[in-house]
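>>> please find the sequence and the predicted model below.
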Amino acid sequence: MATISFKTLALSACALAVAAPAFAGGLERGGYNIDLLFDPSDYVLEGTATFVMPQRDVYGTVDNPVKSGGSLPAAWRTTADDSENYWSPRIGAKAAIGDMADCMFDYSEPWGAHLKPGQWQGASYNMETDVKSQNYATTCRVKFDFGKGDLSIIGGGFYQEISGIKHRQVLSPTLLGPAYPSLLSGVGILDMEGNGWGWRAGLAYEIPEIAFRASLVYNSAVDHDLSGTVDLTGVPAIPGTPLATIGGRVIPVYGQVSMPDTVELKMQTGIAPGWLAFGSVKWTDWSQIQVVPFCAVGTPVCRPNFAINTLDLFYQDGWTVSGGVGHKFNDQWSGAVSLTWDRGTSTVIGTQTDSWVLGSQVVYSPNKNVELKLAGALGILTSGSSGWGATCDTGKTCGDEATYKFGNDLVAAISTGIKVKF
């Protein structure tokens, strides 16, 4: 077998740089990724699809009867599946502009969440939450000779859309009597959407002869003005209660959320002929998302104590640290393994604790124009608990709907991709 040189390895560095998908905190799914921008080919098309299977189960649930106007039925479960499987796609195209510049366009779904516990003793907190996103980005770099390698200045912008629903038990079925469930469900449904613009900037330095690359990229926050409805047609208007004026109606609402800014440092370098080491550190500003209130249209200032519904998150900042090693076996086959730690973003409520994920990837190149990728990951979601009593805004108690515990759980993922370059 011929020896694989550093320079030959450099041509496959982008293929090895991400060994497997991780299960990150907050509302992160695919996140942001501009690795395609560094592919040495003049023109590149790439598509990947990742299927993630988190197995997070919660137990020992206790409902707060104040939230649902009364205790929930004893027959409802005291355990729940607090995760749903999901897909994370990404499509990108990159083109060289002369010898000094490259630009790429990509579509991704950076943010999302889907929890569907259904009828359980924490139903006044959540019966189903489903958040989705779409991101359309253009990113370019300009290269300059600098010492032994190339210095790149990176810049770009992106347009982002988010949407979501949340179902929760507003009124206990025990209070609805014979009207439940044929006439009234007691369930309130939030339906919202929003969009916004963001930008990115960064620097990169490369020495192709030793497959070295270091990049530092900042992605801005994206402010979303949200609009939608709260459907309370399944909840009666009860005189003398907050439901007196809103029960039995579909109410137009508005809100605002800033999806977080991120800073990511990535490095890779050849360590021996045919061998590549890589690593990254990413900070995500999830702590800016604490409580997202939704107020009736016409409310002058939307705060939790004026809200019809709130999305209580109480996140802390996220940190993701990853490292691994890749090897090019021959001109057709290469592979990599990685280990990723992600700091949990949940604080007083939620199930997002620290996670450890071991990933691996195999890349097959039948010819110089095509790469086929298959990656897998297996990780641990560490144990924890979620409880009542967080205080938000002007003294209103938020996040007090339910308390529960959860043990160590597994997360698995599989990813496939194809890259065509010429």
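Thanks, I have the structure now. Numbering: from 1, shown residues only.

>>> in contact with residue 181, which residues are there?
Contacts for residue 181 (C-beta atoms under 8 Å, 6 or more residues apart in numbering) come out as residue 173. To be clear about C-beta, it is placed using only N, CA and C from the backbone, and glycine gets the same treatment.

>>> count the neighbours of the closest residue to residue 101 other than its chain neighbours for me.
Of all residues not flanking residue 101 in the chain, residue 142 sits nearest, at 5.0 Å (C-beta to C-beta, 6 or more residues apart in numbering). Applying other C-beta atoms under 10 Å, we find 15 residues neighbouring residue 142.

>>> residue 142 contacts residue 151, correct?
No: shown here, residue 142 and residue 151 do not form a contact pair, counting by C-beta atoms under 8 Å, at 9.3 Å.

>>> who's in contact with the residue nearest to residue 101?
Here residue 142 is in contact with 100-101, 152-153 (C-beta under 8 Å, 6+ apart).

>>> and which of those is nearest residue 41?
Nearest to residue 41 out of the contacts of residue 142 is residue 101 (C-beta to C-beta; 14.5 Å).

>>> does that closest one really touch residue 144, like I thought?
No: judged on C-beta under 8 Å, residue 101 makes no contact with residue 144 at a distance of 10.5 Å.

>>> who has more neighbours out of the two?
Shown here are residue 101 and residue 144; by other C-beta under 10 Å, residue 101 has more neighbours (14 against 9).

>>> any idea how far residue 213 is from that one?
Look at residue 101 and residue 213: by C-beta to C-beta, to the nearest Å, they are 17 Å apart.

>>> what about the helices in the stretch 151-300 of the chain?
Taking DSSP state H, counting those that start in this stretch, the helices of the stretch 151-300 of the chain run over residues 173-176.

>>> quick one on the thing from earlier: what helix or strand is the residue nearest to residue 101 located in?
Assessed by DSSP states H and E, residue 142 sits inside strand 128-146.

>>> so what are the sheet partners of that strand and their directions?
Strand 128-146 sits in its sheet next to strand 101-108 (antiparallel), strand 113-115 (antiparallel), strand 149-169 (antiparallel), going by DSSP bridges.

>>> now residue 280, nearest residue through space, not along the chain?
Residue 280 sits nearest to residue 266 (C-beta to C-beta, 6+ apart), 4.4 Å away.

>>> can you tell me which residues contact the one you found?
Contacts for residue 266 (C-beta under 8 Å, 6+ apart) come out as 17, 213-215, 217, 278-280.

>>> quick one: which of the residues you listed sit in strands?
The members of these that map onto strands under DSSP state E are 213-215, 217, 278-280.

>>> need those residues in JSON lines with neighbour count, pLDDT and distance to residue 110, can you?
Converted to JSON lines, the ones in strands among the contacts of residue 266 look like this (neighbours: other C-beta atoms under 10 Å; pLDDT from 0 to 100; distance: C-beta to C-beta, whole Å):
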{"residue": "213", "neighbour count": "24", "pLDDT": "97", "distance to residue 110": "23"}
{"residue": "214", "neighbour count": "15", "pLDDT": "97", "distance to residue 110": "23"}
{"residue": "215", "neighbour count": "22", "pLDDT": "97", "distance to residue 110": "18"}
{"residue": "217", "neighbour count": "23", "pLDDT": "98", "distance to residue 110": "14"}
{"residue": "278", "neighbour count": "22", "pLDDT": "95", "distance to residue 110": "21"}
{"residue": "279", "neighbour count": "17", "pLDDT": "95", "distance to residue 110": "21"}
{"residue": "280", "neighbour count": "19", "pLDDT": "95", "distance to residue 110": "16"}
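
>>> of those residues, closest to residue 292?
Nearest to residue 292 among the ones in strands among the contacts of residue 266, with distances taken as C-beta to C-beta, is residue 217, at 26.7 Å.

>>> model confidence for the residue nearest to residue 101, exactly?
Note on residue 142: pLDDT of 98.

>>> now do it against residue 35, distance only.
According to C-beta to C-beta, residue 142 stands 18 Å off from residue 35.

>>> what about the strand holding residue 142, distance to the chain center?
Here strand 128-146 is found 14 Å from its chain centre; the criterion is C-alpha atoms, centre = their mean, to the nearest Å.

>>> could we number from 475 for the rest of this?
Yes, from this point I'll number from 475; that puts the last item at strand 602-620.

>>> still on that earlier bit, can you redo the contacts of residue 740 as a markdown table with distance to residue 680?
Below are those laid out as a markdown table (distance: C-beta to C-beta, whole Å):
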| residue | distance to residue 680 |
| --- | --- |
| 491 | 12 |
| 687 | 5 |
| 688 | 8 |
| 689 | 9 |
| 691 | 14 |
| 752 | 13 |
| 753 | 16 |
| 754 | 16 |
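
>>> of those, which is the nearest to residue 799?
Once C-beta to C-beta is applied, the member of those that ends up nearest residue 799 is residue 752, at 7.5 Å.
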